[in-house]
Structures are given as C-alpha cells and as structure tokens.
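> can't give you the sequence, but here's the structure:
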C-alpha cells in the first residue's frame with residue numbers, strides 16, 4: 001500500500017484492474033468511464049473507507065474546499081450571543097452539503113490580528129474566500145482583501161466596497177413595521193437606542209428608522225454609542 005498506511009488511487013486501480021485515470025474519473029463523477037465502472041470504484045472506496053486527499057484535491061482543482069471566518073469578538077460574547085452561534089451553524093450546514101469546511105478564528109477586537117490572518121490565508125492559499133461581519137467606518141479589511149485578491153462576502157451589508165459582495169437585510173421594511181406600529185398606538189415621539197455607530201449597518205438602520213419617522217411626522221431622539 002502506498003504512502004505508508006494510506007490507500008491511494010493507484011492502490012484502488014490495482015485492486016480493480018483499472019487505470020488510475022479511470023479510478024479518478026469514477027471517484028470524481030467525471031465523464032470517461034461507464035456507469036458500471038463508476039459503481040465498482042465507488043463501492044470499493046466506500047467498503048475500504050477511502051476518501052480523496054484534501055491536499056491533492058485542492059491542487060487538482062486550484063481550490064482548498066474551505067471558507068474562512070474571523071470573528072473580532074471577545075470569546076465571552078461569542079458564547080452568550082446567540083446571533084453568531086446561529087450564523088456559524090447555518091454556514092456549517094450549507095458547507096457540509098457542498099462538501100466544504102469552515103476555517104474559524106476568533107480574535108480580540110483591539111488586537112488587529114484579523115488583518116494578519118487574512119494575509120496569511122491568502123499567501124498560503126488556505127481558504128477559497130472569507131465571510132465578513134460588522135463593516136465599520138474606514139474598515140481596513142475591505143481594501144486589504146481587494147488587494148490580496150481574496151473573495152469576500154459581507155454579511156449584513158451593504159458593503160461600501162464595489163469589489164466585495166454583501167448579503168443585506170431589509171432594514172427599510174423592518175423600520176417601517178416598527179414605526180408604523182408605534183404610530184398606530186398614537187405615539188408621536190420615539191427614542192432609538194443604536195448599537196455602536198462606528199458600524200456601518202448601525203448607521204444604515206438608523207437612517208431607515210429616521211426616514212420612516214419623518215414619513216410619519218414623528219420626532220426621534222437617538223441614543224448612540
């Protein structure tokens with residue numbers, strides 16, 4: 001058996017009397033072999049508990065099969081804040097179905113370690129892309145990722161960078177629902193407590209609440225961080 005105790009494609013090919021190329025085609029569901037051959041190869045792989053080498057697969061596809069996520073949050077907050085745990089669970093669910101993995105790092109918000117992690121991931125080709133959270137004013141991550149050529153998606157956008165895609169929440173609809181509910185109860189004054197206004201999504205939500213309050217002719221007092 002090749003590579004120490006690890007079964008290889010060449011080992012499978014010898015057992016089945018096939019060429020390594022035919023075994024590779026069958027395992028990767030590529031054209032070039034019959035369905036009978038594909039079934040034989042995949043059945044033997046299952047019986048032997050064989051899985052393709054992630055490093056070899058990455059080289060052949062020029063991909064790593066991993067998505068990176070760096071959370072700049074205190075560990076205590078991550079453990080008590082259900083939002084991030086639900087996000088991580090949802091991401092893991094989708095990645096498992098896509099036969100991909102999540103590379104997760106948690107760093108202190110004040111350390112600046114996230115920038116070094118992105119640079120190392122890009123240099124080592126550790127991830128195919130990254131998921132970002134909490135864009136803030138003059139966020140250094142966006143220009144860095146653009147310069148590194150590392151694909152990124154911002155959760156809770158909209159992103160201020162034209163090179164980074166975002167998944168946006170409908171803050172306008174939520175603000176309209178809330179303001180209309182208070183207006184229906186006869187309220188004419190609102191007090192709005194924001195999150196940290198250095199965060200772009202907090203500024204966007206505040207703008208939407210302000211616009212809906214103005215539409216209703218209501219006064220709004222903002223208490224921000």
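In hand now; what should we look at? Please read these numbers as outputs of a predicted model, since none were measured by experiment.
> and the residue nearest the centre of the chain, what helix or strand is that in?
Nearest to the geometric centre of the chain sits residue 131, at 3.6 Å (C-alpha atoms, centre = their mean). For residue 131, the enclosing helix or strand under DSSP states H and E is strand 129-133.
> beyond the worst-scoring helix or strand of the chain on mean pLDDT, next helix or strand please.
Across the helices and strands of the chain, mean confidence by mean pLDDT, DSSP states H and E is lowest for helix 54-61: a mean of 51. Per DSSP H and E, the first helix or strand lying C-terminal to helix 54-61 is strand 66-72.
> if we can go back for a sec, okay, the angle between the strand holding residue 131 and strand 66-72?
Strand 129-133 runs at 30 degrees relative to strand 66-72, counting by axes from the mean of the first three to the mean of the last three C-alpha atoms, to 10 degrees.
> distance of the residue nearest to residue 145 when sequence neighbours are not counted relative to residue 96?
Nearest in space to residue 145, with sequence neighbours left out and distances taken as C-beta to C-beta, 6 or more residues apart in numbering, is residue 152 at 4.7 Å. Just so you know, the C-beta spots here come from the backbone N, C-alpha and C atoms, and that holds for glycine as well. Distance of residue 152 to residue 96, given as C-beta to C-beta, to the nearest Å: 21 Å.
> comparing the two, which residue is more hemmed in?
Taking neighbours as other C-beta atoms under 10 Å, residue 152 and residue 96 compare with residue 152 leading, 22 against 11.
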